[in-house]
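Engineer: Build me a model:
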Amino acid sequence: MNWLRDMIGLPVQFSGVIQDTASTATLVALLTAREQYSNYRINEQGYEDDRFRIYCSTEAHSSIEKAVMMSGMGRKNLVRIGVDETLKTQIEDLIIARSEAKKEKNFERSDAIRDELIADGISIMDTADGTLWEKT
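Structural biologist: Predicted coordinates:
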């Protein structure tokens, strides 16, 4: 990639790869995330549990589902989040995904979703009747 970096005038510290299609780019991204999350254990030892979830919008490219299957993460772990008319993720779907993660006692995942909501300016509060939220 150095030749391309130099040709288009990017800084010398720039590095990267080029993928030939959306499908291979998505697969490489999911495998990289999977290995980083598992501390590179899965390439060596395989899956030990079912704690992986991949979240994407209902408008996501078909390469997402293909990569989920090819990476061995399983289609059941692909969670499609609805979008509104401007293609923004629907908050209620994320709240439901977070609640499901909490029921499964996957607090790492539920905390990650909570942090994503907070970063998007959503204040959440868990109550006995469910999760309440408001835009802050």
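
Engineer: Now do the contacts for residue 130.
Structural biologist: Counting by CB atoms under 8 Å, 6 or more residues apart in numbering, residue 130 touches residue 99. No exception for glycine: its C-beta is placed from N, CA and C like everyone else's.

Engineer: Bridged to it, which residues?
Structural biologist: Note on residue 130: beta-bridge partners by DSSP bridges are residue 127.

Engineer: quick one: it from residue 90, how far?
Structural biologist: Distance, residue 130 to residue 90, using CB to CB, to the nearest Å: 16 Å.

Engineer: Residue 52 too?
Structural biologist: Counting by CB to CB - residue 52 and residue 90 are separated by 22 Å.

Engineer: out of these two, which sits in the busier spot?
Structural biologist: residue 52 (21 against 14; other CB atoms under 10 Å).

Engineer: for the chain, what's the longest helix?
Structural biologist: helix 22-37 (DSSP state H).

Engineer: other SSEs contacting the lowest-mean-pLDDT helix or strand in the chain?
Structural biologist: Least confident element among the helices and strands of the chain, by mean pLDDT, DSSP states H and E: helix 42-45 (a mean of 79). Counting contacts by 3 or more CB pairs under 8 Å, 6 or more residues apart in numbering; DSSP states H and E, helix 42-45 is packed against helix 22-37.

Engineer: Now do the least confident helix or strand of the chain: everything it contacts.
Structural biologist: Contacts of helix 42-45 (CB under 8 Å, 6+ apart): 34-35.
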